[in-house]
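Undergrad: Any chance you could fold what I've pasted below:
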Amino acid sequence: MQLLQGVKEAIISDNINHNITKILEDSIKKKTFDVPDYLYVTDLINPVNSYYSRKYKEIEIGNDIYLRMKLGEEYHFMARGWFEQMDGFSGYEIPVNGSHLNLNVVGRIDFMINNSVIEFKLKSRENIEIEDLYKDYLSDLEQLLFYSVLNKNYSDINYLVFYSSGNFYAYKIHIKNRDNIINEMVYRIDLIKRGLYNDDISNFPRCTYFTHGCPFQENNVCNCSKLKLKDDKWIINSINISEDGELENSLNNYSIENTRLDIRNIDLIYPRRYYHRIRNDREIQAENRLKSTFNYDKNNIKFFMMDAIETSALAISSQEYALKNSVNTLGLSGYEKYLIKNIYDETSIVPYILKINNSVYTSNIPDTYYSELAVICAKRNINSGLIIIVYPKLNNSVIVHEIIFNNEKLINLCLTKIEDIKSAVKNSYPYKLDMCPQFTINSCNIENCSCKMEIYKNLKNS
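TA: Residues are numbered from 1 along each chain as shown. The predicted model follows:
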């Protein structure tokens, strides 16, 4: 049975939750989304790239940067397995925002151990010393510091971890002056906004990618050669850095070969994509591979809505998050988001997924939304959840679907799909796996995509 078919058969009811819809719609209607409203931590790290990415949206990123990004994604995927086995592991890809500091900044933390932020970076050099952090990896250090102060469970001890040439290099960063970091963030936010408003970047620090495959330099729009280098004095006065041999040893005890088969929720929906990725199947270079910018408007809405939930009566505590995420009937990696379904009953905690949908039709939502929520409910053994959808083209209207499932059916279905994936990887045979949804097949850039090959074979034989 296909996952989607099984999910549909397990749905007991699908209704609009008008109370939560009104709470969230009232919040979002008060908000305007002038760009840049929310800036990203990566914008603050590299203001010049932030400026050019918005000004020249048609320019694609350079091929070498693209390849480094793809390789970094794969190593982050494997690193999750290493960090999850450590005592105190408390999450990965954790959304953060600066609303509690009156800073319109958002981002995602790589990993957390207890309340400490871990920024993980892939490098390619034989050895990394403390002085290299100031000399060559200043942007990585800044990124860690900005995430650290955005962390609502702030800790003055955080970690910068490099994986390079088969070895880990771990550094403990002790923040001794948090205000210096916040002030630097305020300065850069103002710098970027003034630069965009005045169309002037003469006061910006030089770009991180200068001479490293910068797409704007290649297209003759970059002006970085005339800009000043970054000033690291504010960092030197804000932190102490020390090597963390204990963390290095813990990480070096794991190897890529021994990394477990790490299956995530999304891999049950796109099992063949997971199959090809875990086998490191080669990708082809697409013509319109990746533009230089994200969809800023869409992401602004998403981050604002997440903030609206976290600061409302619907929010739950970090202890409740940990308790809910401790239940895992499927053994899948990942952490979910939750809210209180009924503000008069604090025990009515359910998972939710948040989607920004550019359609002007609200009657038929994508099937993958149901599948995504279904896997979460099965994994956490909760029989109901919410699909929160914002429609930007309908004046940011919000609709909240409350779905109730037959959880026994869902759990059995998902366990079967997990075993199917393991069997496919073991036997190097993906054709018994569900095909990916059609819209992802069209854009798939795997050279020997099994979905496309199966479609071609069926057409040939028809």
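
Undergrad: CA atoms for contacts and neighbours, from now on please.
TA: OK.

Undergrad: From what I see, S384 and L410 are in contact.
TA: No: judged on CA atoms under 8 Å, S384 makes no contact with L410 at a distance of 11.5 Å.

Undergrad: Can you list the strands that the longest strand anywhere in the chain pairs with?
TA: Longest strand of the chain, by residue count under DSSP state E: strand 345-356. If you go by DSSP bridges, strand 345-356 pairs up with strand 337-342 (antiparallel), strand 384-391 (parallel).

Undergrad: Can you pull the phi/psi pair for the residue nearest the centre of the chain?
TA: Nearest to the mean C-alpha position of the chain, counting by CA atoms, centre = their mean, stands E93 at 5.1 Å. Per-residue torsions, E93: phi 50, psi 50 (degrees, to the nearest 10).

Undergrad: re the thing from before, can you give me the buried ones in the longest strand of the chain?
TA: 349-356 (16 or more other CA atoms under 10 Å).

Undergrad: between the strands paired with strand 345-356, which gets nearest to T440?
TA: T440 lies closest to strand 384-391 among the strands paired with strand 345-356, at 20.3 Å (CA to CA).

Undergrad: quick one: contacts of stretch 342-358?
TA: Stretch 342-358 has contacts (CA atoms under 8 Å, 6 or more residues apart in numbering) with 298, 301-302, 313-314, 316, 336-341, 369, 372-373, 376-377, 382, 384-393.

Undergrad: least reliable of the strands paired with strand 345-356 going by mean pLDDT?
TA: Confidence, taken as mean pLDDT, is least for strand 337-342 of the strands paired with strand 345-356 (a mean of 87).

Undergrad: these two touch, right, P215 and I59?
TA: Yes: the pair P215 and I59 passes the contact test of CA under 8 Å, sitting 7.1 Å apart.

Undergrad: Same drill for the two, tell me which one is more crowded.
TA: In terms of neighbours (other CA atoms under 10 Å), P215 is the more surrounded of P215 and I59; the figures are 24 against 19.

Undergrad: Do a quick rundown of the strands in the chain.
TA: Counting by DSSP E, the chain has strands at residues 11-16, 39-40, 89-97, 105-113, 116-123, 157-164, 167-175, 239-243, 337-342, 345-356, 384-391, 397-405.

Undergrad: Give me the angle between the first one and strand 384-391.
TA: Computed with axes from the mean of the first three to the mean of the last three CA atoms, to 10 degrees, the direction of strand 11-16 lies at 40 degrees from that of strand 384-391.

Undergrad: What pairs with strand 11-16, parallel or antiparallel?
TA: By DSSP bridges, strand 11-16 pairs with strand 397-405 (antiparallel).

Undergrad: which outside residues touch the partner strand?
TA: 10-18, 20-22, 24-25, 374, 383-391.

Undergrad: if you set the cut-off to 6 Å instead, what comes out?
TA: Residues from elsewhere that reach strand 397-405, judged by CA atoms under 6 Å, 6 or more residues apart in numbering: 10-17, 21, 25, 383-391.

Undergrad: what's the spacing between that strand and its chain's center?
TA: Distance of strand 397-405 from its chain centroid, counting by CA atoms, centre = their mean, to the nearest Å, is 23 Å.

Undergrad: and it, what's its mean pLDDT?
TA: Rounded mean pLDDT across strand 397-405 is 96.

Undergrad: what about dumping the CA coordinates of it to PDB?
TA: C-alpha atoms of strand 397-405 as PDB (Å, rounded to 0.1, in the frame of the first residue of the first chain):
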ATOM      1  CA  SER A 397      -5.500  34.400   5.300                       C
ATOM      2  CA  VAL A 398      -5.000  31.600   7.800                       C
ATOM      3  CA  ILE A 399      -6.800  28.200   7.800                       C
ATOM      4  CA  VAL A 400      -6.100  25.600  10.500                       C
ATOM      5  CA  HIS A 401      -7.100  22.000   9.700                       C
ATOM      6  CA  GLU A 402      -7.500  19.700  12.700                       C
ATOM      7  CA  ILE A 403      -6.900  16.100  11.700                       C
ATOM      8  CA  ILE A 404      -7.800  13.000  13.800                       C
ATOM      9  CA  PHE A 405      -6.200   9.700  12.800                       C
END
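
Undergrad: Could you check how far the nearest residue to I263 once chain neighbours are set aside is from A378?
TA: Using CA to CA, 6 or more residues apart in numbering and skipping the chain neighbours, the partner closest in space to I263 is L332 (5.6 Å). Per CA to CA, to the nearest Å, L332 is found 10 Å from A378.

Undergrad: and stretch 417-436, how far apart are its ends?
TA: Stretch 417-436 end-to-end distance (CA to CA) = 13 Å.

Undergrad: Please, where are all the helices along the stretch 51-200 of the chain?
TA: Using DSSP state H, counting those that start in this stretch, the helices of the stretch 51-200 of the chain run over residues 63-84, 130-135, 138-150, 178-198.

Undergrad: among those, which is nearest L251?
TA: Comparing the helices of the stretch 51-200 of the chain against L251 with CA to CA, the closest turns out to be helix 63-84 (6.8 Å).

Undergrad: circling back to that earlier point, buried subset of the contacts of stretch 342-358, written for ChimeraX?
TA: Per 16+ other CA under 10 Å, the buried members of these correspond to this ChimeraX selection:
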select :298,301,302,313,314,316,336,337,338,339,340,341,372,373,376,377,382,384,385,386,387,388,389,390,391,392
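
Undergrad: show me what contacts Y169?
TA: For Y169, the contacting residues are 161-162, 248, by CA under 6 Å, 6+ apart.

Undergrad: so what's it bridging to?
TA: F162.

Undergrad: Burial check on N252, number of neighbours?
TA: When neighbours are defined as other CA under 10 Å, N252 has 15 of them.

Undergrad: rank the strands of the chain by pLDDT, which is bottom?
TA: Among the strands of the chain, strand 89-97 scores lowest, at a mean of 81.

Undergrad: Pull that strand out as PDB, backbone CA atoms only.
TA: Only the C-alpha atoms of strand 89-97 are listed here, as PDB (Å, rounded to 0.1, in the frame of the first residue of the first chain):
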ATOM      1  CA  PHE A  89      21.600  16.400  23.100                       C
ATOM      2  CA  SER A  90      18.500  18.600  22.900                       C
ATOM      3  CA  GLY A  91      17.800  19.300  19.200                       C
ATOM      4  CA  TYR A  92      18.900  20.200  15.700                       C
ATOM      5  CA  GLU A  93      17.900  22.800  13.100                       C
ATOM      6  CA  ILE A  94      16.200  24.700  15.900                       C
ATOM      7  CA  PRO A  95      14.400  27.900  14.800                       C
ATOM      8  CA  VAL A  96      15.300  31.000  16.800                       C
ATOM      9  CA  ASN A  97      14.300  34.700  16.500                       C
END
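
Undergrad: Much appreciated, bye for now.
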